[in-house]
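Visitor: here is my input; please provide its structure:
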Amino acid sequence: MIVLLSTGLAWQQYDAFASRLATAAGLELGQDADGAIDILLVGTDSRTDAHGNALTQEERDKLHAGDADATNTDTIVLIRVPDNGESASAFSIPRDSYVTVPDEVPGDDWPGDRRVKINSVFGSTRFQELVRLVEEEGMDRDEAATIATAAGRDALIKTVAELTGVSVDHYAEIGLLGFLLLTDAIGGVEVCLNNAVYDPLSGADFPAGRQVLDGADALSFVRQREGLPGMDIGRIHRQQVFMASLSRRVLSTDVLTSPSKLSELSSAIQRSVVIDDNWDILAFAKQFQDLAAGNVQFETIPVVTTNAWSSDGSQSVVEVDPEEVEARLAQVLADSVEQEEPLPDFGFDPSDITVNVANASLLEGLATRVVDELTRVGFVEGEVGNWLGKPTMGSKVITADTGSDAARAIADYLGGLPLEQDLDLRKDQIQVVLTTRYDGPGAAAPPEMPQPDEQVVLAEGDVPPPVSAEHAGPPCVD
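Guide: Model prediction:
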């Protein structure tokens, strides 16, 4: 939904779109005051739609669904969107993460140390509050259920904040139906599997390799746990790859230029997504429209071990260190601030200068990274590729006039590179040559992420690598 809104889908028909959205009231949320908007996205096992309506028998059959009152929150994702609106990082929180329920969360049935699996917080709080309202206060059950559900949501928000050190600003919730409707609305989502899988419990029955899944199959794909490395960790990796592929598909020209697909998407969101009642989605869409570039990354919070035990020794849990989690989320914000550093004042207009960048090293992608740095500060990208000239001992800046302001500015910006004259170059043209020893802006490669069709095999206890929505296709997973 967040990626979809960033495309501006709802701008022109905002009132009609927003009036049909299901909203959650009474949540204690932050005020966007820490340099980022932090959104808690929760996937529940609810067998109703977002408005509480029972699903049809056909829909329940597709969902492999049963109890209509299920409130398990087996998918918990904290999405951090820095205020510059240029990127988003979605952090999956394993459902078995062993966390501390804050003291302000009500309830008498918590363990003495108030430590539980995070996926139980919503449902346990809801159940305790429902019993209290009905049995102790004599409240009508339907009215009590609404209040108890709000209490469950609020408890999860507070618990996630306790774990991450992040104040949750907005809340979004999607049930099983949402995966089905959203996937079908865009014509399916592409995934890739290392091996054929068959799991009767989830309904997953897929061949190896690339394939496009419809809504029912997509739900089986993201719900399977049995047979996956680390079970829940393996499922999280599936979900991340799926969400990245779905984001990529939503942002494709095929979807964005199709009135029928956009209409189906809008209807799917209205029927399957709940958002907090203070969320101005029009303002959000305008602020973060640059997310349409696909700069969305999915990763898992830092994990100490996937093979820990609860305090009483009765449950296998995932051990997480709140300090490590908080540090990782803070780094996302620090990275965005670093990207927003003021542009240098060169004393001339860099858009008048074209820079060619050549890679004379064996470092893959070096020229591309450096030209990205130069265009970021205003220079015009020229030819980018491998160096075809004479062998060179070190990086350098080649110019028609070694006394020009532009040549000296580029040399200084790239770490004090030496200047060399070539009268065949135009005065508005600069040539940069990079060797292995170059250590200026753009020298460091970004963290490696799985590439399209690359096989990602998780060993027991591994946390999956980050997944980006920018790649042309999905990595292959277990």
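
Visitor: tell me what the helix or strand harbouring A244 is packed against?
Guide: Assigning secondary structure by DSSP states H and E places A244 in helix 232-250. Under the contact criterion of 3 or more C-beta pairs under 8 Å, 6 or more residues apart in numbering; DSSP states H and E, helix 232-250 touches helix 2-6, strand 88-92, strand 189-193, helix 215-223, strand 296-300, strand 467-468. In this view, the C-beta of every residue, glycine as well, is placed from N, C-alpha and C.

Visitor: what would those look like in JSON lines with distance to I76?
Guide: Converted to JSON lines, these look like this (distance: least, C-beta to C-beta, whole Å):
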{"stretch": "helix 2-6", "distance to I76": "15"}
{"stretch": "strand 88-92", "distance to I76": "7"}
{"stretch": "strand 189-193", "distance to I76": "21"}
{"stretch": "helix 215-223", "distance to I76": "14"}
{"stretch": "strand 296-300", "distance to I76": "11"}
{"stretch": "strand 467-468", "distance to I76": "17"}
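
Visitor: can you lay out those as a markdown table showing mean pLDDT and distance to N307?
Guide: Formatted as a markdown table, the helices and strands packed on helix 232-250 follow (pLDDT from 0 to 100; distance: least, C-beta to C-beta, whole Å):
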| stretch | mean pLDDT | distance to N307 |
| --- | --- | --- |
| helix 2-6 | 55 | 33 |
| strand 88-92 | 90 | 18 |
| strand 189-193 | 91 | 25 |
| helix 215-223 | 91 | 23 |
| strand 296-300 | 87 | 16 |
| strand 467-468 | 72 | 24 |
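
Visitor: in JSON lines, list these along with mean neighbour count and distance to A54.
Guide: Listed next are the helices and strands packed on helix 232-250 as JSON lines, based on neighbours: other C-beta atoms under 10 Å; distance: least, C-beta to C-beta, whole Å:
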{"stretch": "helix 2-6", "mean neighbour count": "23", "distance to A54": "26"}
{"stretch": "strand 88-92", "mean neighbour count": "25", "distance to A54": "30"}
{"stretch": "strand 189-193", "mean neighbour count": "23", "distance to A54": "26"}
{"stretch": "helix 215-223", "mean neighbour count": "23", "distance to A54": "18"}
{"stretch": "strand 296-300", "mean neighbour count": "23", "distance to A54": "32"}
{"stretch": "strand 467-468", "mean neighbour count": "24", "distance to A54": "35"}
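
Visitor: quick one: closest of these to L176.
Guide: With C-beta to C-beta, the closest approach to L176 among the helices and strands packed on helix 232-250 belongs to helix 215-223: 6.3 Å.

Visitor: which elements pack onto the closest one?
Guide: Partner elements for helix 215-223 (3+ C-beta pairs under 8 Å, 6+ apart): helix 57-63, helix 176-185, strand 204-206, helix 232-250.

Visitor: next, the angle from that helix to helix 232-250.
Guide: Inter-element angle recorded for helix 215-223 and helix 232-250: 140 degrees (by axes from the mean of the first three to the mean of the last three C-alpha atoms, to 10 degrees).

Visitor: and D184, how far from L176?
Guide: Distance of D184 to L176, computed by C-beta to C-beta, to the nearest Å: 13 Å.

Visitor: compare the two (neighbour count), which wins?
Guide: The neighbour comparison of D184 against L176 (other C-beta atoms under 10 Å) goes to L176, with 26 against 17.

Visitor: identify the residues contacting the more buried one.
Guide: Contacts here follow C-beta atoms under 8 Å, 6 or more residues apart in numbering; on that basis L176 touches T44, D45, S46, R47, L63, A65, L219.

Visitor: can you check the pLDDT for it?
Guide: pLDDT for L176: 84.

Visitor: and A10, by the same measure?
Guide: Confidence score, pLDDT, at A10: 46.

Visitor: what do you get for the one 5 residues further on?
Guide: Residue-level confidence at D15 comes out at 66, pLDDT.

Visitor: quick one: D276 from A25, how far?
Guide: 8 Å.

Visitor: higher neighbour count, the two?
Guide: D276 (21 against 11).

Visitor: grab the nearest non-local neighbour of that one.
Guide: Y171 (4.3 Å; C-beta to C-beta, 6 or more residues apart in numbering).

Visitor: so what secondary structure elements neighbour the strand or helix carrying that neighbour?
Guide: For Y171, the host element (DSSP H and E) is strand 170-174. Applying 3+ C-beta pairs under 8 Å, 6+ apart, we find strand 170-174 packed against strand 36-43, helix 141-164, strand 273-276.
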